[in-house]
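Peer 1: just to be clear, the model below is a prediction. Sequence and coordinates:
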Amino acid sequence: MVESLPGKGLAPMKFSVIVAAYNVESYVADCIESLKRQTYCDFEAIVVDDASTDATLQVAKRCAGDDARFVFFKQPENAGQSAARNVGLLHASGEYVLFLDSDDYYRDDALQVVADRVDADDLDQLYFAAQTFYENRTLRRTRYEDQESRTSIHGVMSGVDLYVAFEKTEAFRPSSCLYAVRRSVVEGAGLRFREGIIHEDLLFLMQLMPLPRRAAFLNEPLYRRRMREGSTMTSAFSMRNVDGLFRTQQTLRAWILDHANECSSDFCDAYAARVFHTCEVAARYLFEITEADMNAYRKGLNLQDRVDFDLHILELHKALKGVYDELEGSRTYRLGRLFLAFPSWVKSRVILPQAKKSEQG
């Protein structure tokens, strides 16, 4: 017999959908309306406004109307997406938790599909796929992401084994919006998003990944991911990007070194490769950041962190720069660019951005 929860009826609801929102007055209606259209109704939507300076909260409340499944919280000051999501986790009461970005939305049957699968296979965690649409051609050319060509992974397995399969098939995507997880798994581990950094999804997901006993991947695009101007994903890279990845790799590197003897060699190999990839991405971001900004950042680090940063990010950046400089100086590279430039230019302009498809009907 399931115990009743105060104010929640005879049984806990199935899903808590946590929506962190900040200055998205032009987009949040799509998000809220997609939740209201869900064919599966047993959910609560916890919308946390991160001290928006526009009408985000008012628009969201107006769209929700008198639907009691929607609850709203307003942060006293802007603290970032991690803090907003943590507020949502604090108030969540569903059996499973999902995260939905406030400028994105779900397919109308998304929660029904997830509910059917987690029940059928008694899953602790279910990953699913996304479809990205772009607001303009420039974004499609400069911020293209391959969400649609992920390889299917069949069956139920532990989180550890699923992670290895993700990396082997190149189907891993570091987004907290592309899974439903049993809330008891998150709470049992005391997991929360690290506040004060960006790229927090990768850190949270990699900490969560080893925990589920029963996990699966449904390669079906239940999530609609908007690529727009002014979002974290499309803003110019800065030392905040580098710092977020640097802090993430520090935590992940320490964890795998502490737990390597408890894990399979395949998992250790995959995890180590992900840590190195995180360092590599941070090192490549430095190409778009001024030396003055980078030096100012280094001076602000304590000596131990500065040594760690130099060892794993800065020196890798210098090595990459050396390779790029040597490559660009070669005659073969210059001729190759001449032959490849025109078809690449044509392709980037002929392929149109994906239009937002109607979810109605």
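Peer 2: Good, I have the coordinates.
Peer 1: which residues of this structure fall in helices?
Peer 2: Using DSSP state H, the helices of the chain run over residues 28-36, 56-64, 81-91, 110-121, 137-142, 159-169, 183-188, 200-208, 239-259, 265-285, 291-300, 303-309, 315-328, 331-350.
Peer 1: do you know which of those helices lies nearest residue 222?
Peer 2: Each of the helices of the chain was scored for nearness to residue 222 using CB to CB, and the closest is helix 110-121 (3.9 Å). From N, CA and C alone the C-beta is placed, and that goes for glycine too.
Peer 1: for the closest one, C-alpha coordinates in CSV please.
Peer 2: Extracted in CSV, the C-alpha atoms of helix 110-121 (Å, rounded to 0.1, in the frame of the first residue of the first chain):
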residue,chain,number,x,y,z
ALA,A,110,6.6,12.9,-24.2
LEU,A,111,5.5,12.2,-20.6
GLN,A,112,3.2,9.4,-21.7
VAL,A,113,6.0,7.7,-23.6
VAL,A,114,8.4,8.1,-20.7
ALA,A,115,5.8,6.8,-18.2
ASP,A,116,5.1,3.7,-20.3
ARG,A,117,8.7,2.8,-20.7
VAL,A,118,9.8,3.3,-17.0
ASP,A,119,6.8,1.3,-15.8
ALA,A,120,7.3,-1.5,-18.4
ASP,A,121,11.0,-2.0,-17.5
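Peer 1: buried residues, it. List them.
Peer 2: By 16 or more other CB atoms under 10 Å, the buried positions in helix 110-121 come out as 110, 111, 112, 113, 114, 115, 117, 118.
Peer 1: format the residues you listed as CSV; extra columns: distance to residue 71.
Peer 2: Formatted as CSV, the buried residues of helix 110-121 follow (distance: CB to CB, whole Å):
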residue, distance to residue 71
110, 20
111, 17
112, 22
113, 24
114, 21
115, 20
117, 26
118, 23
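Peer 1: out of the residues you listed, which comes closest to residue 239?
Peer 2: The closest of those, once distances to residue 239 are taken by CB to CB, is residue 110, at 36.2 Å.
Peer 1: which residue, other than its chain neighbours, is closest to that closest one?
Peer 2: Of all residues not flanking residue 110 in the chain, residue 222 sits nearest, at 3.9 Å (CB to CB, 6 or more residues apart in numbering).
Peer 1: and the end-to-end length of stretch 100-114?
Peer 2: End-to-end distance for stretch 100-114: 14 Å, by CA to CA, to the nearest Å.
Peer 1: stretch 63-70 now?
Peer 2: 10 Å.
Peer 1: what is the neighbour count of the closest residue in space to residue 239 that isn't next to it in sequence?
Peer 2: If the residues on either side of it in the chain are set aside, residue 239 comes closest to residue 297, at 4.6 Å by CB to CB, 6+ apart. Residue 297: 19 surrounding residues under other CB atoms under 10 Å.
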